[in-house]
Structures are given as structure tokens and as C-alpha cells.
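1. Provided below for reference: sequence and predicted model.
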Amino acid sequence: MTTQIDTVLYTGKTRVVGGREGFAQSSDGRLDVKLSPPGSTGPGTNPEQMLAAGWSACFIGAMGKAAAKLKVRLPAETAVDAEVDLGTSGEAYLLRARLNVSLPGIEREVAEEIAQTAHNTCPYSKALKNNIDVTIAVV
């Protein structure tokens, strides 16, 4: 069952022309990037890198909320190194992801609780959980 939105907080609007060999622009002009196929030598980024960046940023926000509930402050050096794989299984294209969370100075058990809570609350994680293979690791 899908949970419905009661209040829209923000709507990201983009237009992509040319697919993986085109360009993407946001309606407000803040995003304006060339696109290139993954692994190519083209001048642009690709959807997998953009997903990794967007998910990581959202995940750090979710960790901040999780840490606040535990009365822990996230260190300034908090980081998420995301890896999003594009692959195939037979004829189907699939994604797989790993989020490697760095919370320097936070006890490992607490860091793992923060990361798991964030994974349960981050909208990107919720959208992808049980849809693609996801690994969350505190490094």
C-alpha cells in the first residue's frame, strides 16, 4: 500500500532532452547539466551519479533528524559515499546501491542506529527499499 502525501513541501521540476546523451535542466535554472552514458568519456554526468548524490544529501538530512532524537550532534565531517550500480539480469536493467556512512567521533553502535533510522525515514531510501538491493554500512 502506498502512503499518500498530505502536504507537498517542494516539487523538483526538470526537463531532460536527449536521454543519456542529452542534457537536464531544472525549471528554476539551478540545475543545468550535460548527460553522458555511464562509463563513457563524454563531458556529462549520468542518472546513476545524480541518484547517488541526491540520495546521499537526503540521507544526511535524515541522519541529522535521527541523531537529534538521540541527543547526538552529527559531526561536521559527516559523509555518505554512495555507489549506484546499473546492471542487467537477463534482458532486464536493474539498479543496486551501497551507502557507506561516515560519522567520525560517534560510537559505532550509535552510528549504526543513526544510519538504520535514517534508512527507515529518508524518502529516497523508502522509495528504493525492497525495490533494489541496498546495503547501508557504517565505515
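-> Looks like it came in fine.
2. for this protein, what spans make up the helices?
-> Per DSSP state H, the chain carries helices over the ranges 47-69, 108-121, 123-128.
3. Next, the angle helix 108-121 makes with the first one.
-> For helix 47-69 against helix 108-121, the angle between stretch directions is 120 degrees (axes from the mean of the first three to the mean of the last three CA atoms, to 10 degrees).
4. For helix 47-69, which helices and strands make contact with it?
-> Counting contacts by 3 or more CB pairs under 8 Å, 6 or more residues apart in numbering; DSSP states H and E, helix 47-69 packs against strand 79-89, strand 92-102, helix 108-121, helix 123-128. Every C-beta, even on glycine, is put in place using the N, C-alpha and C of the backbone.
5. Disregarding residues adjacent in the polypeptide, which is nearest to the residue nearest the centre of the chain?
-> In the chain, the residue lying closest to the centroid (CA atoms, centre = their mean) is Trp55, at 1.3 Å. In space, and not counting its chain neighbours, Trp55 is closest to Tyr124: 4.1 Å by CB to CB, 6 or more residues apart in numbering.
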